[in-house]
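Peer 1: Here you go, sequence then predicted model.
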Amino acid sequence: MTRLSVNINKVALIRNSRGGNLPDLVQVAKDCETFGAQGITVHPRPDQRHIRYADVPLLKAIVSTEFNIEGNPTPDFMQLVLAHPPHQCTLVPDSPQQLTSDQGWDTIANQDFLQDVVAQLQAAGIRVSIFVDASEKMVEGAKAAGADRIEFYTGHFAREFITDPVRAVAPHVQAARLANDIGIGINAGHDLNLDNLKFYKNQVPELLEVSIGHALISDALYFGLENTIQRYLRQLN
């Protein structure tokens, strides 16, 4: 069974565009869980353009499934995560200027840094996932850094899927097989949607979790949040 974690950043973006508390992020997180989501993901960025640092303790207090905080492990981010330990922390190498995450870590070049960050988080009882491209070398580097899981960046897959699904997923299958062999868990995320999710899940062995935000919240505008979450769960199981 592959778990669905709903990224609620886009809900926070809508709230922030008008100020106030509409939509209510905490209530949306509760509703996502009620509607079947098996986790809630947030990605606080330094400019707090969607999830704010102040949202994290409020969500930590009410999320009853799995709480996943992802982001670049800057000193401020680490302080936030360690003060409000989630079930999982996903390390993402995005710069403050990036519109969205568009690549994984070079786990070889950054191994010493990642090893130190992973150790700090695990000492606080937090499961650690490292965001990587679908590369055997990067998977091996994440394992050497001590990570519990990797999260495959699926942006390239999503773009290539439209014209050649088999070719698009091939590096993910190969990297996943290695991950299974060396004992590191597999998550995935970025641009997964109702068109490509079932194919990806069926091809990538032992996929534990997907984190989906932009496409799911966009679909909810048409189908409603409850119906949309159920649609995504059907693609996974």
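Peer 2: Done, it's in.
Peer 1: quick one: the residue sitting nearest the centre point of the chain and residue 70, what's the gap?
Peer 2: Centroid check for the chain by CA atoms, centre = their mean gives residue 211 as the closest residue, at 4.2 Å. When distance is defined by CB to CB, to the nearest Å, residue 211 is 7 Å away from residue 70. No exception for glycine: its C-beta is placed from N, CA and C like everyone else's.
Peer 1: before we move on, back to that, what sits against the residue nearest to the centre of the chain?
Peer 2: Counting by CB atoms under 8 Å, 6 or more residues apart in numbering, residue 211 touches 5, 6, 7, 39, 41, 68, 70, 90, 151, 187, 188, 189.
Peer 1: Could I get the phi/psi values of the first one?
Peer 2: What it means is residue 5. Note on residue 5: backbone dihedrals following degrees, to the nearest 10 are phi -110, psi 130.
Peer 1: And the strands in the chain, which stretches?
Peer 2: In order along the chain, the chain carries the following strands (DSSP state E): 3-7, 39-42, 67-71, 88-91, 127-132, 149-153, 185-189, 207-212.
Peer 1: Relative to residue 170, which of those is closest?
Peer 2: The closest of those to residue 170 is strand 149-153. By CB to CB, the value is 12.6 Å.
Peer 1: Longest helix of this structure, counting residues only.
Peer 2: The helix that spans the most residues within the chain, counting by DSSP state H, is helix 165-182.
Peer 1: Give the buried residues for that helix.
Peer 2: 165, 168, 169, 171, 172, 175, 176, 179 (16 or more other CB atoms under 10 Å).
Peer 1: That one versus strand 149-153: what angle between them?
Peer 2: Interaxial angle of helix 165-182 relative to strand 149-153 (axes from the mean of the first three to the mean of the last three CA atoms, to 10 degrees): 170 degrees.
Peer 1: what does helix 165-182 contact?
Peer 2: Contact partners of helix 165-182, identified using CB under 8 Å, 6+ apart, comprise 134-136, 138-140, 143, 150, 152, 154, 156-161, 185-186, 188, 196, 199-200, 203-207.
Peer 1: all helices of this structure, in order?
Peer 2: All helices of the chain, identified by DSSP H, fall at 9-18, 25-34, 55-62, 75-83, 111-123, 136-144, 155-161, 165-182, 197-203, 214-223, 225-236.
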